[in-house]
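Student: Just the structure for this:
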Amino acid sequence: MSIVHGFEMIGEQDIPELRTGARLWRHAGTGSQLLSLMNDDENKVFGITFRTPPRDSTGVAHILEHAVLCGSRKYPVKEPFVELLKGSLKTFLNAMTYPDKTCYPVASQNVRDFYNLIDVYLDAVFYPRISPFIFQQEGWHYDLERREGPLSYKGVVFNEMKGAYSSPDNLLAEYSQQSLFPDTTYGFDSGGNPREIPTLTYDRFKGFHETYYHPSNARIFFYGDDDPQERLRIVDEYLKDFDHKKVDSTIPLQRRFEGPRRVTRAYTG
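Tutor: Below is the predicted model:
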């Protein structure tokens, strides 16, 4: 099978109801899969997703989602994400943490802007500047307002999750999921429980990136009217520097309960 910019095609299909052609590619070096959807929609979309199953409720996946957008090898500025929000022609720009994956999607109707957004995001996820300072800023740190005052916890994600844990609706959804899947990754809070976030260390945080943010654990998506060959070339510029890696990010099925269970949780907000 022929290789195009480091990728081999493993499937092709027309989707008439969407007037879209779909091609599924696999990167020969890393095994990363890329789904390329081709149509006449001028709103061009890109996304890269990593399966990131947490093993606790320290919010490591959520903190990492914030941290990788705080500067990278090629874009060593404090907050490239904020600069893009101010200056890009984007139609969508964000990142999301789910219980089992972390997604980085962007979209734009301008092809030069679109490719620039892709470059910023690919450099961010593969070569972030996740220093101890950024971990403390985005995750958690001790805060002392006065020399004689008490120590408190602060941090972007820590403060965000304090707000989430003050919402009865949010807690009901979170506790319901954890109660239904207690023996899997869905039994933890991927966003982070404020009581557990301060137990996360920088070494574990950095190790989480090294384990899961690898092309072999990535799924890549394109949609729109841009050049399908250029999509492969842009992505291969990053993936070609990596070798294949076996990443254990599988999520086991929850064992069947032997009988009915009753769960009671208190709300103290």
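
Student: Leu34 falls within a strand, correct?
Tutor: Yes. Assessed with DSSP: H, G, I helix; E, B strand; the rest coil, Leu34 lies in a strand.

Student: For the closest residue to Leu151 other than its chain neighbours, which residues are in contact?
Tutor: In this structure, Leu151 finds its nearest non-sequential neighbour in Tyr142, 5.1 Å apart by C-beta to C-beta, 6 or more residues apart in numbering. Bear in mind the C-beta positions are built from the backbone N, C-alpha and C, glycine included. Taking C-beta atoms under 8 Å, 6 or more residues apart in numbering as the criterion, Tyr142 is in contact with Leu151, Ser152, Tyr153, Lys154.

Student: swap in Ile234?
Tutor: Shown in contact with Ile234 (C-beta under 8 Å, 6+ apart): Tyr115, Ile118, Asp119, Leu122.

Student: so for the host helix or strand of it, what's the average pLDDT?
Tutor: Here Ile234 sits within helix 228-239, counting by DSSP states H and E. Per-residue pLDDT values over helix 228-239 give a mean of 97.

Student: Same question for it: list its buried residues.
Tutor: By neighbour count on 16 or more other C-beta atoms under 10 Å, the buried set for helix 228-239 is Pro228, Arg231, Leu232, Ile234, Val235, Asp236, Tyr238, Leu239.

Student: Ok, stretch 173-181 next?
Tutor: So stretch 173-181, judged by 16+ other C-beta under 10 Å, has buried residues Glu174, Gln178, Phe181.

Student: what's the spacing between that stretch and its chain's center?
Tutor: Distance of stretch 173-181 from the chain centroid (C-alpha atoms, centre = their mean, to the nearest Å) equals 21 Å.

Student: what's Tyr121 in contact with, if anything?
Tutor: With C-beta under 8 Å, 6+ apart, Tyr121 has these contacts: Phe46, Ile48, Tyr104, Val106.

Student: so how far is Leu85 from the first one?
Tutor: Looking back up the chat, that one is Phe46. Here the criterion is C-beta to C-beta, to the nearest Å. By it, Phe46 lies 17 Å from Leu85.

Student: More neighbours: which of those two?
Tutor: Between Phe46 and Leu85, Phe46 has the larger neighbour count (other C-beta atoms under 10 Å), namely 25 against 12.

Student: mind checking which helix or strand that one is in?
Tutor: Using DSSP H and E, Phe46 falls in strand 44-51.

Student: got the CA coordinates for that strand in CSV?
Tutor: What follows is strand 44-51, C-alpha atoms only, in CSV (Å, rounded to 0.1, in the frame of the first residue of the first chain):
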residue,chain,number,x,y,z
LYS,A,44,-12.9,23.9,8.2
VAL,A,45,-12.5,21.8,11.4
PHE,A,46,-9.6,20.0,13.0
GLY,A,47,-9.4,18.0,16.3
ILE,A,48,-6.9,15.9,18.1
THR,A,49,-8.0,13.6,20.9
PHE,A,50,-6.2,11.5,23.4
ARG,A,51,-7.7,8.8,25.5
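
Student: circling back: narrow the contacts of Ile234 to those in helices?
Tutor: Tyr115, Ile118, Asp119, Leu122 (DSSP state H).

Student: In JSON lines: those, plus pLDDT.
Tutor: Formatted as JSON lines, these follow (pLDDT from 0 to 100):
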{"residue": "Tyr115", "pLDDT": "97"}
{"residue": "Ile118", "pLDDT": "97"}
{"residue": "Asp119", "pLDDT": "97"}
{"residue": "Leu122", "pLDDT": "97"}
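
Student: Show the buried residues in those residues.
Tutor: Those of these that meet the buried threshold are Tyr115, Ile118, Leu122, by 16+ other C-beta under 10 Å.

Student: out of those, who's nearest His62?
Tutor: Of all those, Leu122 has the smallest distance to His62: 20.7 Å, by C-beta to C-beta.

Student: now the closest one: how far from Asp56?
Tutor: Taken as C-beta to C-beta, the span from Leu122 to Asp56 is 28 Å.

Student: would JSON lines of the contacts of Tyr121 with pLDDT and distance to His214 be doable?
Tutor: Below are the contacts of Tyr121 laid out as JSON lines (pLDDT from 0 to 100; distance: C-beta to C-beta, whole Å):
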{"residue": "Phe46", "pLDDT": "98", "distance to His214": "19"}
{"residue": "Ile48", "pLDDT": "98", "distance to His214": "12"}
{"residue": "Tyr104", "pLDDT": "98", "distance to His214": "14"}
{"residue": "Val106", "pLDDT": "97", "distance to His214": "20"}
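
Student: All good on my end, thank you.
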